[in-house]
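Engineer: Provided below are the primary sequence and the corresponding predicted coordinates.
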Amino acid sequence: MPELPDVEQFRTFFHAHATGRTVRSVEADPTIVRNTDPAALDRALRGRRFEDPDRHGKWLIGWTDGPALLLHFGMTGDLVWSGEDPHRHRHDRLILAFEDGNELRYRNMRKLGGVWLAHDREEVAQVIGALGPDALSIGRSEFGERLARRRGGVKAALMDQTFVAGVGNILADEILWQARLHPRRRIETLDEAERATLYTVVRRVLREAVRSYDYVGRKRSWLTHVRGIPGGTCPRCGTSLQRATAAGRTTYFCPRCQAADPAVGSGP
DNA sequence: TCGCTTGTTGATGG
DNA sequence: GCCATCAACAAGCG
């Protein structure tokens, strides 16, 4: 599930349930704790109070009045609040137990992603590494400058977290479909109008996906609504969607709206 | 059993 | 140095 809009939901959820609460204990699956061990994590966070969390791309940063807890959700991560779901689940890999008896749980079936401990802002930056600007807030000029320096497939760039942080496979397909760009178009072949459209669409898709909970499947005018369904057709023109590989990932696109060569007709 | 999956990283090759 | 591809990680599903 988690791409930028989902992690933004997690941030809101984390803020609603963890911020202002004091940690009584931390239990963790040792295989999900990436840069320390469960005992050290418990020692570091016990007695600490969570402050306002941040999000950058697909990362959630849980600041406390001491160290920070960093969460990455991989493909199957989720947050669960004991008040809504009192029973622990076998895939709950991290349990934050608070002094008031409540629990916030990090659930992750497949163990891609994980949790990190950072003692200060520098360590947070080390863990998050060379992430590009957040896709929700990147400005037009910075996007244009980065695009100008980049070559190769446009889909690969959108999904490259060091290029822009937060876009995954599903949203990359959605953005390219809305921008009417073939997923294997090379960036160096994009004209000024296409570059401008790409930025506008990145912004529009992310803002709308953040605003509209459960955007996958709920937005009927979007590609995500039909993406992956056998016999799925383009919501815009009705053409059968094509499946291909781009940037190493399964890709759906409309062969009519998203023509490979800009010189070839892309429809009315 | 195999193929596939909304993510990331490191090795390899052009 | 840049970019593309692939395997690995891991667990569940059809």
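Structural biologist: Good, I have the coordinates. Numbering: from 1, shown residues only, chains lettered A, B, ... in the order given.
Engineer: C-alpha only now, for contacts and for neighbours.
Structural biologist: Will do.
Engineer: gap between the two ends of stretch A:89-108?
Structural biologist: 10 Å (Cα to Cα, to the nearest Å).
Engineer: any buried residues in that stretch, and which?
Structural biologist: If you call a residue buried by 16 or more other Cα atoms under 10 Å, then stretch A:89-108 has these buried ones: A:91-98, A:102-108.
Engineer: ok, now stretch A:175-185?
Structural biologist: Buried, per 16+ other Cα under 10 Å, within stretch A:175-185: A:175-185.
Engineer: C-terminal to the worst-scoring helix or strand of chain A on mean pLDDT, what's the next element?
Structural biologist: Taking mean pLDDT, DSSP states H and E as the measure, the helix or strand of chain A with the lowest value is helix A:215-218, at a mean of 72. Next along the chain after helix A:215-218, taking DSSP states H and E as the criterion, comes strand A:242-246.
Engineer: would the longest helix along chain A count as contacting DNA strand B?
Structural biologist: Using DSSP state H, we find that the single longest helix of chain A is helix A:192-211. No: Helix A:192-211 stays clear of DNA strand B (Cα under 7 Å from any atom of the strand), getting no nearer than 11.8 Å.
Engineer: packing partners of that helix?
Structural biologist: helix A:4-17, helix A:140-149, helix A:169-178 (3 or more Cα pairs under 8 Å, 6 or more residues apart in numbering; DSSP states H and E).
Engineer: what about 7 Å?
Structural biologist: helix A:4-17, helix A:169-178 (3 or more Cα pairs under 7 Å, 6 or more residues apart in numbering; DSSP states H and E).
Engineer: nearest to DNA strand B, of those?
Structural biologist: helix A:169-178 (4.0 Å; Cα to the nearest atom of the strand).
Engineer: that closest one close to DNA strand B?
Structural biologist: Yes: using Cα under 7 Å from any atom of the strand, a contact is recorded between helix A:169-178 and DNA strand B, made by A:169-170.
Engineer: quick one: the longest helix of chain A to helix A:4-17, angle?
Structural biologist: 30 degrees (axes from the mean of the first three to the mean of the last three Cα atoms, to 10 degrees).
Engineer: can you list contacts of helix A:192-211?
Structural biologist: Residues from elsewhere that reach helix A:192-211, judged by Cα atoms under 7 Å, 6 or more residues apart in numbering: A:5, A:8, A:136, A:140, A:143, A:175, A:178-179, A:215.
Engineer: take those residues and lay them out in TSV including distance to A:Val202.
Structural biologist: TSV is the format used below for the contacts of helix A:192-211 (distance: Cα to Cα, whole Å):
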residue	distance to A:Val202
A:Pro5	12
A:Glu8	16
A:Leu136	8
A:Arg140	10
A:Phe143	10
A:Ile175	6
A:Gln178	9
A:Ala179	9
A:Tyr215	15
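Engineer: stretch A:143-151 close to DNA strand C?
Structural biologist: Yes: on the criterion Cα under 7 Å from any atom of the strand, stretch A:143-151 is in touch with DNA strand C at A:149-151.
Engineer: mind putting those into TSV with neighbour count?
Structural biologist: Shown next, in TSV, are the residues of stretch A:143-151 next to DNA strand C (neighbours: other Cα atoms under 10 Å):
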residue	neighbour count
A:Arg149	9
A:Arg150	15
A:Arg151	13
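Engineer: tell me who's in contact with A:Glu99.
Structural biologist: A:22-24.
Engineer: give me the element the closest residue to it other than its chain neighbours is part of.
Structural biologist: By the measure of Cα to Cα, 6 or more residues apart in numbering, the closest residue to A:Glu99 outside its immediate chain neighbours is A:Arg24, 4.9 Å from it. Here A:Arg24 sits within strand A:23-28, counting by DSSP H and E.
Engineer: now that strand: mean pLDDT?
Structural biologist: Across strand A:23-28, pLDDT averages out at 96.
Engineer: that one: partners in the sheet, and parallel or antiparallel?
Structural biologist: Neighbouring strands of strand A:23-28 in its sheet, by DSSP bridges, are strand A:92-98 (antiparallel).
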